[in-house]
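Participant: need coordinates for the below:
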Amino acid sequence: MFNVFWALMIGYFANLFVPRAGEVARCGVLKKTDQLQMGQLLGTVIVERTVDLLFLIGVVTLAFFSENQAFLSLANDLVSLETLQNSLTHLPILLGLVAVLGILVYWGFKKYRDRNIAKKLRHFIKDFLKGLKSVGKVRNQGGFWLSSTIIWVIYFLMMYFVAKAIPSTQGLGATSVLMVMVMGSIGMIAPVQGGLGTFHALVAYILLFYGLNAEEGKIFAVIIHSTQMLTVVALGILSLIVFLKYHTKEEPKTNSLR
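Facilitator: Model prediction:
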């Protein structure tokens, strides 16, 4: 359990330097500490991200029904119908390219199936699929989904209590804070280091709708984001130290067996 925690925090820490590098870093740490297959670990990461996406969709849906006016106004400002129509005209070309790529990959597998690299790739894919199926093999399904729900509830409560502690955001209701959380979550998904910039911009933008000025919105975003980043940096460095100590302790044992 502790190995998983250290690996997770190292992954979050790595994301501050290279976007999405933390997913690979986390898998690499667990491969070293628990001798697990990389493909299987990456499969579990995909499952985790899928679960996060499902919860985000649920939160967005809840925000839509609770803050319908704000949601529709925001969607009208951010999404252009003309851009969507233009994107749909290119959809057949994109699907055609995907189909051609799939045929080429299949042909390559058939032609070079006995090559060493093809065997390794097939082994990796099998491990990857095992990782994807891992969520169905969780013994305590209720605990798994309950803990995932609690994570999002804690994230909301953190933002809510911070909002109530700051004079400029004290007037925000629970549903308004939920809308701010949705925008912040979308900002964190963006492929930038730790949501830096995108989180601040989207949170400040939605707060303008609720009557705050740009400066007040940015201050709130900085407070929320900075507390998260300080926690990630502190625990990330601590986890890295623990991992390096663990690895150096294991290395002499490996050498002594040779």
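Participant: can you give me the helices in the stretch 1-150 of the chain?
Facilitator: For the stretch 1-150 of the chain, applying DSSP state H, counting those that start in this stretch gives helices covering 2-15, 21-34, 38-66, 68-78, 81-89, 91-111, 116-132, 141-165.
Participant: what is the mean pLDDT for the fifth one?
Facilitator: Averaging the model's pLDDT scores along helix 81-89 yields 61.
Participant: swap in the fourth one?
Facilitator: Mean pLDDT, helix 68-78: 75.
Participant: contacts for it, please.
Facilitator: Ala63, Phe64, Ser176, Met179, Ile206, Phe209, Tyr210 (CB atoms under 8 Å, 6 or more residues apart in numbering). For the C-beta atoms, the positions are set from N, CA and C on the backbone; glycine is no exception.
Participant: nearest residue to the second one in space, please, no chain neighbours.
Facilitator: Put plainly, it is Phe64. Nearest residue to Phe64, sequence neighbours excluded (CB to CB, 6 or more residues apart in numbering): Phe71, at 4.9 Å.
Participant: quick one on the thing from earlier: pull the most distant pair out of the contacts of helix 68-78.
Facilitator: With CB to CB as the measure, no two of those lie farther apart than Phe64 and Tyr210, at 16.4 Å.
Participant: in this protein, what spans have low per-residue confidence?
Facilitator: For the chain, applying pLDDT under 70 flags the ranges 77-88, 109, 112-124, 126-136, 247-258.
Participant: and whatever helix or strand Thr227 lives in with helix 21-34, angle?
Facilitator: If you go by DSSP states H and E, Thr227 is part of helix 214-256. Helix 214-256 and helix 21-34 meet at an angle of 30 degrees, taking axes from the mean of the first three to the mean of the last three CA atoms, to 10 degrees as the criterion.
Participant: what inclination does helix 214-256 have with respect to helix 141-165?
Facilitator: 140 degrees.
Participant: so Thr175 touches Ser66, yeah?
Facilitator: Yes. In this structure, Thr175 is within contact of Ser66 by CB atoms under 8 Å, at 4.0 Å.
Participant: ok, the nearest residue to Val222 once chain neighbours are set aside - contacts?
Facilitator: Among residues not flanking Val222 along the chain, His200 sits closest, at 6.6 Å (CB to CB, 6+ apart). The contact partners of His200, by CB under 8 Å, 6+ apart, come to Gly187, Lys218, Ala221, Val222, His225.
Participant: burial measure for Gly195, as a count.
Facilitator: The number of residues packed near Gly195 is 26, by other CB atoms under 10 Å.
Participant: repeat for the one 3 residues further on
Facilitator: The number of residues packed around Thr198, counting by other CB under 10 Å, is 18.
Participant: isn't it up against Ser185?
Facilitator: No. The criterion here is CB under 8 Å, and Thr198 misses it with Ser185 at 10.9 Å.
Participant: mind checking which of the helices of the stretch 1-150 of the chain is nearest Thr231?
Facilitator: The nearest among those, by CB to CB, is helix 2-15 at 9.0 Å.
Participant: in that closest one, which residues are buried?
Facilitator: With burial defined by 16 or more other CB atoms under 10 Å, the residues of helix 2-15 counted as buried are Asn3, Trp6, Ala7, Leu8, Met9, Ile10, Gly11, Tyr12, Phe13, Ala14, Asn15.
Participant: distance to Gln37 for those - can I get that in TSV?
Facilitator: Formatted as TSV, the buried residues of helix 2-15 follow (distance: CB to CB, whole Å):
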residue	distance to Gln37
Asn3	15
Trp6	19
Ala7	15
Leu8	18
Met9	22
Ile10	19
Gly11	17
Tyr12	23
Phe13	24
Ala14	20
Asn15	23
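Participant: and the residues you listed, which is closest to Ala163?
Facilitator: Using CB to CB, those come closest to Ala163 at Tyr12, 23.7 Å.
Participant: please name the residues that touch the closest residue to the closest one other than its chain neighbours.
Facilitator: Distance criterion CB to CB, 6+ apart; nearest residue to Tyr12, sequence neighbours excluded, is Val232 at 4.7 Å. The contact partners of Val232, taken as CB under 8 Å, 6+ apart, are Met9, Tyr12, Phe13, Leu16, Gly194.
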